[in-house]
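Q: Here is a sequence with its predicted model. Questions after.
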Amino acid sequence: MIARLIGERSAGMVAVEIWDADNLVWSHMWFADGATSTGYINGLADAARCILDCDDYDAWDGNSADDNDGVCVQYDNVDTTGVVLEYDSETQQIGEVDRSYGLGGEIIDALMLLGTLDPDDEHDDHTGDDERAIAALIGAV
């Protein structure tokens, strides 16, 4: 499985898409209208856990499906969205990261705090309370 963390430049949307080869099999969006203080840390940690546990997607609630045809919603679908990171469950590797898509950077830094990702040049400037709290929740799984 391939899990993609999707972010948005123009707002605070965070989504996860899970792909089995070329088939989108699960997707979910957090913070459709930007993040608020309510549930912010938990939402980002939940998105990170979905990525790292993508093989078990069929046991999860929250799959986003189009009301018209029941097909999973692809969130990386406009100019302002993009892949923040991609996780391959077969190799258990995270590919290159892209910090230019909003809130996904906090997940990147939380994964770096956990040692799941090697720190990059920006990591030292982005390790505040939010990132530590996200890392603690991810690590508790």
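A: All right, it came through fine. Numbers count the residues shown, from 1 in each chain.
Q: so where's this protein uncertain?
A: The model of the chain has pLDDT under 70 over residues 11, 32-38, 66-68, 140-141.
Q: in it, which spans are strands?
A: Assigned by DSSP state E, the chain shows strands spanning 2-8, 14-20, 23-30, 81-88, 93-94.
Q: So what touches the first one?
A: With Cβ atoms under 8 Å, 6 or more residues apart in numbering as the test, strand 2-8 has contacts from 13-19, 47-48, 50-52, 54, 75-76, 80-89, 98, 101-105, 107. Bear in mind the C-beta positions are built from the backbone N, C-alpha and C, glycine included.
Q: Give me the buried entries from those.
A: 13-19, 47-48, 50-52, 54, 75-76, 81-87, 89, 98, 101-105, 107 (16 or more other Cβ atoms under 10 Å).
Q: what's the spacing between Val16 and Pro119?
A: In this view, Val16 and Pro119 are 23 Å apart by Cβ to Cβ, to the nearest Å.
Q: er, Asp69 actually
A: Taking Cβ to Cβ, one finds Asp69 at 42 Å from Pro119.
Q: So which of these two has more stuff around it?
A: Pro119 (15 against 6; other Cβ atoms under 10 Å).
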